[in-house]
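Colleague: Let me see the structure of the following:
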Amino acid sequence: MKITDSDVIRFHLQVIHGINVKSVESKTERLFASGAKVFGVPLENLSRRFIPEFGLVPGFLVDACSFLLERAGTVGLFRKPGSLPRIKSLRAKLNRGEACLSTAFAYDVATLIKQFCRELPEPLIPAEIPAALLKAQTLDSLQDRISALQLLSCLLPARNSSCLHYLLDFLSKVTQRCEENLMTSSNLATVFAPCLLPPPNKQEMSEGRFELRILVLRTFIEKPQMFGVIPKAVMDSMGFLINCPLLKDAHSKKHSLKVLWSVKTVPWIQGKTKVRPAVHQRRRESNLPRRPTLRRSVGLEVFPNIAFFRACMSCEDSSPAAAILDALSPSSKQPSPNRIKRDMRLSLFPGLGQGQTASSSVFSAVGKLQAASWSKRISL
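Modeller: You can find the predicted model right below:
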C-alpha cells in the first residue's frame, strides 16, 4: 500500500485533534478548451501564470490583485459594491480576452474578484473540507485551532491551494493598510465568507455557524504564510509511517487504515518508538515455552540440593553421613519427582512424618498451597 501525504495529514488530524476528514476526490483534467472566458470556468481550463511563491495562479486573479494592491488604501474596498453597468461591461470584455482593468474603478474590480470566486464550478475549498474547518475552530486552545487549520489547508488540491493562497496573501496585504481603507481582517473575512465558504444547506446558515466561517477566514488572512505548509512534525512522521510494520501485513487500504488508526500514540513526535509488534511476531512469541510456575520453582530452583534433604530423612538404621554420601555420589539413582516433593515436605516439616494431624497451622499452610488451582499459582 502506498502512503500519501494526505493520508499522513488526515492521520494527524484524527489522532491529535480528533477531526475526521474524508479523502478529497482528485478531479481529472478536462480536455476541452474554454478560450478566453474567465467567469464560470474550472481552474484547470483558465489561463494561469506561474508565481514562484504560490504556483500556477489564474491570470485574471493576478492582474486584478496587482491592480488593487496599488489602490489598497481605498475606503471600504471589497465592502462597497461597484456599478452594475460598468461591471457587466468589464465581464464581457474580460471574457473576450481584452485587457481592460487598467482603466477600471477599484470597487468594480473588487466586485469582479468576489464574483470570480463565487461562480467557479468547483469551489476553491472542496466540499470535504468546510465541516472540518468549522470543527477545528471549536477546539479549546488557540494553538490547537491554528495547527488543525494549517493541516486542513494542506489537504486542498494543488491548483485550489495555489489560487487560494495567492488570494489570502493579497487580502493580508490589504489589511496592512486598514487605517486607510477601514478593512480589517475580520471585515474582509465577513465579505469573503459567502464566496469561499458558502453554507451547503439551510442548517448551516445559522448565525453561529457563520461566525465560525468568519473566524476560519480571519485566521488564514492574518497568517497566510502557514497556508498549505506541512508542519515539520508531520514531515518527520512520513518516513515512520511508510516503514511502519503495522502496514506491511495489511492487504487492503481499508484494513490498513483501521490498523493504523488503532495506534493512539504519536511516537514520531515524542521521539519514541512505541510500536506494537507485528502479528506474526506476536504468534512466534506465544509459541515460546513459558517460565516455570511456583510449584516447580520451589522444588527445583529454590532448593536445588533437594537430594541432601531427602538423604537426611531417608534411613533410620544407617548413619546420616553415609546417607548423605550415598545421595551425593554420581552413581546414585535419581529419585522420582513424586518422592522428591514428599521428601522435601518431610525435611522442611519433620513433625509431619511422626503422624502430625492436619489441624496444625503448618500443615494447613502447606495444604492451602497444594489445594490452589494451577492457573492461580504465581510464576517467578
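Colleague: C-alpha only now, for contacts and for neighbours.
Modeller: Fine.
Colleague: Would you report the backbone torsion angles of residue 55?
Modeller: phi 110, psi -150 (degrees, to the nearest 10).
Colleague: burial of it, as a residue count?
Modeller: For residue 55, the count of nearby residues is 17 (other C-alpha atoms under 10 Å).
Colleague: Bridging across strands, which residues link to it?
Modeller: residue 51 (DSSP bridges).
Colleague: tell me the pLDDT at it?
Modeller: At residue 55, the pLDDT value in this model is 93.
Colleague: Kindly report the same for the one 5 residues further on.
Modeller: Residue-level confidence at residue 60 comes out at 95, pLDDT.
Colleague: same question, residue 37
Modeller: Model confidence at residue 37 (pLDDT) stands at 88.
Colleague: now swap in residue 206 and tell me
Modeller: 84.
Colleague: Relative to residue 166, how far out is residue 56?
Modeller: Distance, residue 56 to residue 166, using C-alpha to C-alpha, to the nearest Å: 10 Å.
Colleague: measure residue 158 to residue 57 for me?
Modeller: Counting by C-alpha to C-alpha, the gap from residue 158 to residue 57 is 10 Å.
Colleague: Show me which of the two is the more surrounded one.
Modeller: residue 57 (24 against 14).
Colleague: where's that one, which helix or strand?
Modeller: Element membership of residue 57, judged by DSSP states H and E, is strand 55-58.
Colleague: Check what contacts that strand and list those residues.
Modeller: The contact list for strand 55-58 (C-alpha atoms under 8 Å, 6 or more residues apart in numbering) reads 43, 46, 47, 48, 49, 50, 51, 159, 162, 163, 166.
Colleague: And the helix or strand that comes right after that strand, what does it pack against?
Modeller: Where DSSP H and E defines the elements, the next helix or strand beyond strand 55-58 is helix 59-69. Secondary-structure packing of helix 59-69 (3 or more C-alpha pairs under 8 Å, 6 or more residues apart in numbering; DSSP states H and E): helix 106-118, helix 158-175.
Colleague: In the stretch 201-350 of the chain, where is pLDDT below threshold?
Modeller: Counting by pLDDT under 70, the stretch 201-350 of the chain has low-confidence residues at 239, 241-350.
Colleague: Identify the residues contacting stretch 131-150?
Modeller: Counting by C-alpha under 8 Å, 6+ apart, 13, 17, 19-21, 152, 209, 212-213, 215-216, 219, 226-230 sit against stretch 131-150.
Colleague: Would you mind checking the average pLDDT for that stretch?
Modeller: 94.
Colleague: any idea how far residue 164 is from residue 196?
Modeller: For residue 196, the distance to residue 164 - C-alpha to C-alpha - is 9 Å.
Colleague: part of a strand, is residue 74?
Modeller: No: assessed with DSSP: H, G, I helix; E, B strand; the rest coil, residue 74 is coil; it does not lie in a strand.
Colleague: Now the phi/psi pair for it, please.
Modeller: Dihedral angles (degrees, to the nearest 10) for residue 74: phi -60, psi 130.
Colleague: residues near it, how many?
Modeller: Residue 74 has 19 neighbouring residues, counting by other C-alpha under 10 Å.
Colleague: mind listing what the nearest residue to it once chain neighbours are set aside touches?
Modeller: Closest residue to residue 74 apart from its sequence neighbours, by C-alpha to C-alpha, 6 or more residues apart in numbering: residue 181 at 5.1 Å. Residues near residue 181 by C-alpha under 8 Å, 6+ apart: 72, 73, 74, 75, 76, 77.
Colleague: Then residue 185?
Modeller: 171, 172, 175, 218, 221, 222 are the contacts of residue 185 under C-alpha under 8 Å, 6+ apart.
Colleague: Kindly recompute the last result at 10 Å.
Modeller: Contact analysis of residue 185 by C-alpha atoms under 10 Å, 6 or more residues apart in numbering lists 171-176, 178, 191, 214-215, 217-222.
Colleague: Residue 83 too?
Modeller: Residue 83 neighbours (C-alpha under 10 Å, 6+ apart): 105, 107, 108, 111.
Colleague: what about the first one, how many neighbours?
Modeller: The one in question is residue 105. 16.
Colleague: for it, phi and psi?
Modeller: phi -90, psi 150.
Colleague: May I have the predicted confidence score for it?
Modeller: Residue 105 carries a pLDDT score of 96 in this model.
Colleague: Quick check: it vs residue 83, distance?
Modeller: 9 Å.
Colleague: Same question for residue 191.
Modeller: The spacing between residue 191 and residue 83, counted by C-alpha to C-alpha, is 17 Å.
Colleague: Next: residue 196.
Modeller: From residue 196 to residue 83 the distance is 23 Å (C-alpha to C-alpha).
Colleague: With residue 74 instead?
Modeller: 16 Å.
Colleague: same question, residue 141
Modeller: Relative to residue 83, and taking C-alpha to C-alpha, residue 141 is found at 44 Å.
Colleague: just residue 42 next, same as before
Modeller: Residue 42 is 26 Å from residue 83, by C-alpha to C-alpha.
Colleague: that older thread, kindly indicate which of the contacts of residue 185 lies nearest residue 126.
Modeller: For these, the residue nearest residue 126 by C-alpha to C-alpha is residue 217; the value is 14.8 Å.
Colleague: what about that closest one, neighbour count?
Modeller: Residue 217: 23 neighbours (other C-alpha under 10 Å).
Colleague: immediately after the helix or strand it falls within, which helix or strand?
Modeller: According to DSSP H and E, residue 217 maps onto helix 207-222. Beyond helix 207-222 in the direction of the C-terminus, DSSP H and E gives the next helix or strand as helix 232-242.
Colleague: That concludes my questions; thank you for your assistance.
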